[in-house]
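> Need coordinates for the below:
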Amino acid sequence: MNLGNLKAKNQNYLITRYQSSGEIAGAILKAIDESKASALEIAPYFKNKNPYTSAKLIFLFCKQAVPYVKEPSSKQTAKTLPRILQDGALHGGDCKHYAILSASLCKALGIPVKLRLISQNFYDKTPNHIYSVAKINGKEVIIDGVLKNFDTEARYNHKYDINLIK
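Next up, the predicted model:
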């Protein structure tokens, strides 16, 4: 895949040190919106007559292009798609970056997608993980680059979905 035409604007959206889940979600939505043109440019590489296969290709690409590296709480960022790909090989990315990448590409392919924020803590509803959920043939398909397998979902006690409009 030739990604040579994608140019990062060299901007990170630094989320405040003690960020709320709303601030994180807002920065991620902004990054997805600003990634639209880049996603449309590379989406044909993931297009398949079966949207489920397209979603799986996106999942595999996330895992191969961007190694998982958890960001420290003092430096939480949301990045545009070109910046994620540019930084991915050197610095890796975390669940926020996988969610931006996968949601941007699903939207570019016309696959309905939403973001799912979850809390894995029984006593605290504050989300600590985010990933994309595609809607294919009436079924939720999980795209979570943090996990080992495609279309599997992490255990959670609380969830919040954010629907993305085309």
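> Helices of this protein, start to end?
For the chain, helices defined by DSSP state H occupy the ranges 21-34, 36-42, 51-65, 81-91, 95-108.
> Need the winner for burial among these.
Sort these by mean neighbour count, taking mean count of other Cβ atoms under 10 Å, and helix 95-108 sits at the top with a mean of 28. For every residue, glycine as well, the C-beta is placed using N, CA and C.
> What angle do helix 51-65 and it make with each other?
140 degrees (axes from the mean of the first three to the mean of the last three Cα atoms, to 10 degrees).
> Can I get helix 95-108 as PDB, trimmed to CA atoms?
Taking Å, rounded to 0.1, in the frame of the first residue of the first chain, the C-alpha atoms of helix 95-108 are listed here in PDB:
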ATOM      1  CA  CYS A  95      -6.700   2.300  21.900                       C
ATOM      2  CA  LYS A  96      -7.600   6.000  21.000                       C
ATOM      3  CA  HIS A  97      -5.500   5.800  17.900                       C
ATOM      4  CA  TYR A  98      -6.800   2.400  16.800                       C
ATOM      5  CA  ALA A  99     -10.400   3.800  17.300                       C
ATOM      6  CA  ILE A 100      -9.700   6.800  15.200                       C
ATOM      7  CA  LEU A 101      -8.000   4.800  12.400                       C
ATOM      8  CA  SER A 102     -10.700   2.100  12.300                       C
ATOM      9  CA  ALA A 103     -13.700   4.400  12.600                       C
ATOM     10  CA  SER A 104     -12.200   6.800   9.900                       C
ATOM     11  CA  LEU A 105     -11.700   3.900   7.400                       C
ATOM     12  CA  CYS A 106     -15.100   2.400   8.100                       C
ATOM     13  CA  LYS A 107     -16.800   5.700   7.500                       C
ATOM     14  CA  ALA A 108     -14.800   6.200   4.300                       C
END
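> tell me the average confidence for that helix?
The pLDDT scores in helix 95-108 average 97.
> same deal with stretch 156-166?
Averaged over stretch 156-166, pLDDT sits at 90.
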